[in-house]
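Q: this one's sequence-less:
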């Protein structure tokens, strides 16, 4: 083997004289430009949110200023009949909560179950069939779901429970189909949370003589709980805000009822109907949709805040 | 080959591999390994990276089952029964043959719950507090954590976490404890603590440890099996015997080269 030449000076030694120029600050216009662009991207979303809140607030203020309306009456009234000056929002809120509740009863257990199956049990083959299928489900436009509810689910329910019990427009049908719509979202988010749990934890459990089920339910799910809760909350927010399905299948008459077989208009359904209708601007009827929009926004924001605190509380950090 | 395939046996083996070949798909990772593990002793499996040490270890409690392409020929006998027999439930087997892994992997639960969980899923009926305390004592961790049993196990240091993982295995009451390079992620002081602990545990348990640290094998084990890669990259067992003998009078040139640091 040849020995390295000992007499040659090392490169750093040679360059000592121009060290000051090497260390001099340089301008990097590309970096600055990208930095500014990225900041702009972030800023646009903040600006949009602020704009929406401002617009909702401004128009809602017009609504609450009108002589027929009080905030207390709006929040606690049980009649929503804008044409005769009755502005109690509870019927709309209750049907929104009811359709969302029905949807979550479907989407949460099925979504989590499918996620556990996909991440813990599925063979590569069944996974390669099930995942794309679920993704197709996520890609169907909500208006199609709406007609699916009206022309398939409702007749099915009427066949099961009787035509006299089940109205043509009813919250059960809308809620069930909404659950199917949200299922892929809950499933794929929960699955992401489950698969990101390190394999070493599963190995530890198997090494202690745990079965697959014990490992999945008692080790993997708790470790992924924060992600699963986040999936649930996003699913609920999605359900509360969903418009097309309820507008088509849940009916267009405000109705304060807990009977899921009856039609009842939701908050979003009402907004869609009024904003597409021919009501005069600046009437309390018209302005009411902004107040309802604001309330909807507050409900979703509240849910997001609850979810954040839940996630922080139940997080099992694994790394 | 030589007479060094099995050490002199005075008792029946705790577990023994008979002409075992292990494959990953078409690749043979272990070729014709026959070794008989002495009960309540520490057996070290040493050898260069990729020689199939971990594969061999994981064959003893069927952890390789989770690798779908993995397949075993030959047999492994535990109390005279083939553990690869169709009638054997691998879940039950792993309760009797526990495992400690390379990287400490406590559950993201409390210290108490880490120890109690395995016992609970195995239907332990006795006083759980007593069991947790006993296992933490045996794992030489009790004094350090007795005030913090409700704290997350992840607040512990790496060495403490690894001892917790040992306590967790003890709570299931296994006969054999497999350790897959348990100290490779630990500093020298934590490593010595684990080695002391292994020594104490070997009074009651059979321990098989995979290590690529020869000093550790020499210090901590009673028997040593040296594996290396054959010309076709399959792992083969070269020599197996009393640790004192393997390290002082190795029979095989390859063992000698490895332990004297000329290879690997």
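A: In hand now; what should we look at? Model, not experiment: these values are computed from the prediction.

Q: can you show me the helices along chain B?
A: Listed from the start of the chain, chain B has helices (DSSP state H) covering B:53-59, B:90-96, B:111-121, B:128-138, B:142-145, B:158-170, B:188-201, B:214-220, B:243-248, B:253-259.

Q: which other residues reach the longest one?
A: For helix B:188-201, the external contacting residues (CB atoms under 8 Å, 6 or more residues apart in numbering or on different chains) are B:42, B:138-140, B:157-160, B:162-163, B:166, B:170, B:177, B:179, B:182-183, B:186, B:207, B:209, B:216, B:219-220. C-beta: built from backbone N, CA, C; applies to glycine.

Q: list only buried entries from the residues you listed.
A: Neighbour-count burial (16 or more other CB atoms under 10 Å in any protein chain shown) applied to these gives B:42, B:138-140, B:159-160, B:162-163, B:166, B:170, B:177, B:179, B:182-183, B:186, B:207, B:209, B:216, B:220.

Q: picking up where we left off before, tell me which of the helices of chain B sits nearest to residue A:58.
A: The closest approach between residue A:58 and any of the helices of chain B, judged by CB to CB, belongs to helix B:111-121 at 52.9 Å.

Q: which bits of the stretch 101-250 of chain A sit near chain B?
A: Listed as neighbours of chain B in the stretch 101-250 of chain A under the rule CB under 8 Å from any CB of the partner chain: A:198, A:200-201, A:203-211, A:214, A:218-219, A:222-223.

Q: out of those residues, which are inside helices?
A: Secondary structure defined by DSSP H assigns A:200-201, A:203-207, A:214, A:222-223 of these to helices.

Q: list just the nearest of these to residue A:38.
A: For residue A:38, the nearest member of those is residue A:223. The distance, counting by CB to CB, is 32.7 Å.

Q: sorry, back to before: whichever of the ones in helices among the residues of the stretch 101-250 of chain A next to chain B end up buried, select them in PyMOL.
A: In PyMOL, a selection of the buried entries from those looks like this (16+ other CB under 10 Å):
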select buried, chain A and resi 201+203+204+205+206+207+214+222+223
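
Q: can you pick out the most distant pair from the ones in helices among the residues of the stretch 101-250 of chain A next to chain B?
A: Between any two of those, the greatest separation by CB to CB is 17.8 Å, found for A:207 and A:222.

Q: which parts of chain B sit against chain A?
A: For chain B, the residues in contact with chain A under the definition CB under 8 Å from any CB are B:61, B:63, B:66, B:91-96, B:98-101, B:103, B:105-109, B:117-118, B:121-122, B:152, B:154, B:165, B:168-169, B:172.

Q: any idea how far residue A:146 is from residue B:36?
A: 70 Å (CB to CB, to the nearest Å).

Q: more neighbours, these two?
A: Neighbours were tallied for residue A:146 and for residue B:36 using other CB atoms under 10 Å in any protein chain shown; the higher tally belongs to residue A:146 (23 against 19).

Q: now for the closest residue in space to that one that isn't next to it in sequence, how many residues are close by?
A: Using CB to CB, 6 or more residues apart in numbering or on different chains and skipping the chain neighbours, the partner closest in space to residue A:146 is residue A:248 (3.3 Å). Counted with other CB under 10 Å, the burial measure for residue A:248 works out to 25 neighbours.

Q: surely residue A:248 forms part of a strand?
A: No: with DSSP: H, G, I helix; E, B strand; the rest coil as the criterion, residue A:248 is assigned helix and is not in a strand.

Q: surely it meets residue A:150?
A: Yes: under the criterion of CB atoms under 8 Å, residue A:248 makes contact with residue A:150 at 5.5 Å.

Q: CSV please, covering the ones in helices among the residues of the stretch 101-250 of chain A next to chain B and showing distance to residue B:75.
A: As requested, those are arranged in CSV below (distance: CB to CB, whole Å):
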residue, distance to residue B:75
A:200, 29
A:201, 31
A:203, 24
A:204, 27
A:205, 27
A:206, 22
A:207, 22
A:214, 29
A:222, 38
A:223, 36
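
Q: shouldn't residue A:200 be in contact with residue B:105?
A: Yes: with the criterion set as CB under 8 Å, residue A:200 and residue B:105 qualify as a contacting pair; they are 4.0 Å apart.

Q: only the buried subset of the residues of chain B next to chain A, as a ChimeraX command please.
A: In ChimeraX, a selection of the buried entries from those looks like this (16+ other CB under 10 Å):
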select /B:61,63,91,93,94,95,96,98,99,100,101,103,105,106,107,108,109,117,118,121,122,152,154,165,168,169,172
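
Q: nearest residue to the middle of chain A?
A: Centroid check for chain A by CA atoms, centre = their mean gives residue A:234 as the closest residue, at 3.0 Å.

Q: quick one, what contacts it?
A: With contact taken as CB under 8 Å, 6+ apart, residue A:234 is in contact with A:185-186, A:189, A:307.
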